[in-house]
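Student: Below are the sequence and a predicted model for it; my questions follow.
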Amino acid sequence: MATELNLILSPSQASSADAIKRAVFSKLKGQSSQFNDFRIIRKSIDARGGKVRINLGVMVYGKNESIVDEFPSFNYKPVNAAPEVIIVGSGPAGLFAALRLIELGLKPIIFERGQDISNRKRDIALLNRNVVTNFESNYAFGEGGAGTFSDGKLFTRSRKRGDINRILRIFHQHGAQDEILFESHPHIGSNVLPRVIMAMRKTIEHFGGIFNFSSRVDSLIVKNGKAIGVQLSSGISHTAGAVVLATGHSARDIYSMLINQNIALETKPFAMGVRVEHPQALIDSIQYHGIDRGDFLPAATYKLVQQVEGRGVYSFCMCPGGYIVPALTGEGQVVVNGMSPSFRNSKWANSGIVVEVKLSDIEEFSLHGPLAGLEFQKHIEGLAYANSNGVGVVAPAQRLSDFVKGVTSNALPSSSYNPGLVSSPLHEWLPNWITRSLQQGFAHFDKKMRGFITSEALIVGVESRTSAPVRIPRNPDTLEHIGVKGLFPSGEGSGYAGGIMSSAIDGERSAEAVAQYLKGG
């Protein structure tokens, strides 16, 4: 009978199957003669107390047992002739909604404003060289959504929303690494996730789902209070039994479209700040207490949070061994985000450090109604553009130590941000309450991680797309929009999810709600 064991090992031991077996033998003691094989089911790093240890959970199998595959494939069936459901957007919410609809016997029709991954790669390459920006195909828009080329972190705290392991198994089935099934902070990587997303698309298409790329939705078709279809920018329209709206938090024109069609929205709190970049070796030294990372430890990460004058200041989307990338989606903006390849092997570490934005902070934009937060985002992104000399996607930056002191940087250290940086006094043009909160937050973080404030580190502006500043209100039981039947807002853009995992779970829940709606209708 399989037995679960907990092991505490050194990094080198945890990297060796033979060393793990020896630890299992030692743990089993008198029962070691019955040991046949093992499977890792949990893995985490503990660097407290000046030592680095690896906590492993292993499932041990007896002499006459073999490793049991507890991750079966999902059985999809053809839906070519099934009732159709429109999905707007092919990010995690849209893709997982499509896969779940197929399981439930419904045919997903996906409309994606951006390009497929192959063409999107070319657009992103041009963007990174600051040659040209395609506002319909970039880091935010295109097959797989914003996560495709900006990391693929699969950690979430939304464990009550749905079956996290199910989502991980679907990613794994489509080509993600085995490690995502047991790592405490699973990560696919920006170099691997694109082919995983393409494999998911092939599954959807194989069983009858249809993808339409370069197909921006400009309006919903609503009849007798029910969403029955969409009209594209090309003028073509398509009708179906229901519409899943999974457009992500950067599809700002969708919010304007809903307002113009008298479909209710509401503003919500969000966060905004900067991207901070350190040499990865410095973060390693701080987090691993000066111990050489060697071949057995990953690039070190961190998670920081502090209350400053009644508002939260915290790290967001930390990318060890990663890169800062341009994440704008329109003219006159500078927006940055972070990503890491699967090996996390660049010489930089970056993270968003953001400040809580309360509704009381954006009262001057209240004339925009539920789009007040969105207009505030645009205002700050415009300031970043103006303070970068307006040269493509060149971004404003400052040494971290200078920002805390409130002085302009005379020169900047090297950076992973490929389009280029320009020295700028972010402490002067960011809103005073954001600057003050960041400065005090950094001071607290330096106490927790000695050496965090350094002239070797950069801040790059601005990190403004942490979450949607808008919520599309929906019935908590049916997940339908509160005013329009058959319209199912889903994922980050709906204001009910944040990140790949919670968006994927929300997409699945939306598909299940659609199936119930069509069954009842």
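Tutor: The structure has been received and is ready for your questions. Numbering: from 1, shown residues only.

Student: Show me which positions of the longest strand along the chain end up buried.
Tutor: In the chain, with assignment by DSSP state E, the single longest strand is strand 35-46. Of the residues in strand 35-46, 35, 37, 38, 39, 40, 42, 43, 45 count as buried by neighbour count, 16 or more other C-beta atoms under 10 Å. Where C-beta positions appear, they are placed from N, C-alpha and C, glycine not excepted.

Student: can you check stretch 306-318 too?
Tutor: By neighbour count on 16+ other C-beta under 10 Å, the buried set for stretch 306-318 is 306, 308, 311, 312, 313, 314, 315, 316, 317, 318.

Student: again with stretch 193-200
Tutor: So for stretch 193-200, counting by 16+ other C-beta under 10 Å, buried means 193, 194, 196, 197, 198, 200.

Student: Also stretch 106-122?
Tutor: For stretch 106-122, the buried set under the neighbour-count rule, 16+ other C-beta under 10 Å, comprises 106-117, 119-121.

Student: So which of those residues are in helices?
Tutor: If you go by DSSP state H, the buried residues of stretch 106-122 have 117, 119, 120, 121 in helices.

Student: and the last one, what pLDDT?
Tutor: So that's residue 121. Here, the pLDDT recorded for residue 121 equals 95.

Student: ok, the residue found closest to it once you drop the neighbours it is linked to in the chain to residue 498 distance?
Tutor: Nearest-residue entry for residue 121: residue 194, 7.4 Å, with adjacent residues in sequence omitted and distances by C-beta to C-beta, 6 or more residues apart in numbering. Distance of residue 194 to residue 498, given as C-beta to C-beta, to the nearest Å: 22 Å.

Student: same thing with residue 408?
Tutor: Relative to residue 498, residue 408 is positioned 34 Å away (C-beta to C-beta).

Student: Specify which residue of the two has the higher count of neighbours.
Tutor: residue 498 (20 against 15; other C-beta atoms under 10 Å).

Student: contacting residues for the nearest residue to the more buried one once chain neighbours are set aside?
Tutor: Leaving aside its chain neighbours, residue 498 sits nearest to residue 467 (5.0 Å; criterion: C-beta to C-beta, 6+ apart). Residue 467 makes contact with 249, 270, 271, 492, 495, 498, according to C-beta atoms under 8 Å, 6 or more residues apart in numbering.

Student: wait, what's in contact with the fourth one?
Tutor: Just to be clear, that refers to residue 492. 91, 93, 146, 248, 249, 467, 468, 498, 499, 503.

Student: pretty sure the second one contacts residue 491?
Tutor: Looking back up the chat, that one is residue 93. Yes - Residue 93 lies in contact with residue 491 (C-beta atoms under 8 Å); the separation is 2.7 Å.

Student: Common neighbours of those two, please.
Tutor: Residues touching both residue 93 and residue 491 by C-beta under 8 Å, 6+ apart: 246, 497, 503, 506, 507.

Student: tell me the domain ranges of this protein?
Tutor: With domains defined by automatic domain parsing, the chain comprises 3-62, 84-265+472-520, 267-463.

Student: Mind putting those domains into CSV with distance to residue 76?
Tutor: Formatted as CSV, these follow (distance: least, C-beta to C-beta, whole Å):
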stretch, distance to residue 76
domain 3-62, 26
domain 84-265+472-520, 5
domain 267-463, 27
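
Student: Of these, give the one that comes closest to residue 73.
Tutor: Minimum separation from residue 73 across the domains of the chain (C-beta to C-beta) falls at domain 84-265+472-520, 5.7 Å.

Student: How far does the closest one sit from its chain's centre?
Tutor: Put simply, domain 84-265+472-520 sits 13 Å off its chain's centre (C-alpha atoms, centre = their mean, to the nearest Å).

Student: Endpoints of that domain, how far apart?
Tutor: Separation of the first and last residues of domain 84-265+472-520 by C-alpha to C-alpha, to the nearest Å is 15 Å.

Student: Begin at 236, not 1, for the rest of this chat.
Tutor: Taking 236 as the first residue, the last one we looked at is domain 319-500+707-755.

Student: Could I get the full set of strands for the stretch 586-735 of the chain?
Tutor: All strands of the stretch 586-735 of the chain, identified by DSSP state E, counting those that start in this stretch, fall at 630-634, 656-658, 693-698, 705-706, 722-724.

Student: Determine the set of other helices and strands touching the last one.
Tutor: This means strand 722-724. If contacts are counted by 3 or more C-beta pairs under 8 Å, 6 or more residues apart in numbering; DSSP states H and E, strand 722-724 sits against strand 478-480, helix 735-755.

Student: repeat that for 10 Å
Tutor: Counting contacts by 3 or more C-beta pairs under 10 Å, 6 or more residues apart in numbering; DSSP states H and E, strand 722-724 is packed against strand 319-323, strand 461-467, strand 478-480, helix 487-495, helix 735-755.

Student: Three-state assignment for the nearest residue to residue 338 once chain neighbours are set aside, please.
Tutor: Nearest residue to residue 338, sequence neighbours excluded (C-beta to C-beta, 6+ apart): residue 311, at 6.2 Å. Secondary structure for residue 311, judged by DSSP: H, G, I helix; E, B strand; the rest coil, is coil.

Student: contacting residues for residue 311?
Tutor: 334, 335, 337, 338, 438, 439, 441, 442, 443, 444 (C-beta atoms under 10 Å, 6 or more residues apart in numbering).

Student: quick one: it from residue 325, how far?
Tutor: Residue 311 is 17 Å from residue 325, by C-beta to C-beta.

Student: what's the burial count for the residue nearest to residue 516 when sequence neighbours are not counted?
Tutor: Excluding the flanking residues, the one nearest residue 516 by C-beta to C-beta, 6+ apart is residue 582, at 7.2 Å. Close neighbours of residue 582, defined as other C-beta under 10 Å, add up to 11.

Student: what do you get for the one 3 residues further on?
Tutor: The number of residues packed around residue 585, counting by other C-beta under 10 Å, is 33.

Student: Help me confirm that residue 253 is found in a helix?
Tutor: Yes - assessed by three-state DSSP, residue 253 belongs to a helix.

Student: Local confidence estimate at it?
Tutor: 94.

Student: Which strand residues bridge residue 346?
Tutor: residue 323, residue 447 (DSSP bridges).

Student: what's the spacing between it and residue 565?
Tutor: Distance from residue 346 to residue 565, by C-beta to C-beta: 20 Å.

Student: now residue 586
Tutor: Remark: distance between residue 586 and residue 565 (C-beta to C-beta) = 25 Å.

Student: Comparing these two, which residue is more hemmed in?
Tutor: Using other C-beta under 10 Å, the more surrounded residue of residue 586 and residue 565 is residue 586, with 26 against 15.
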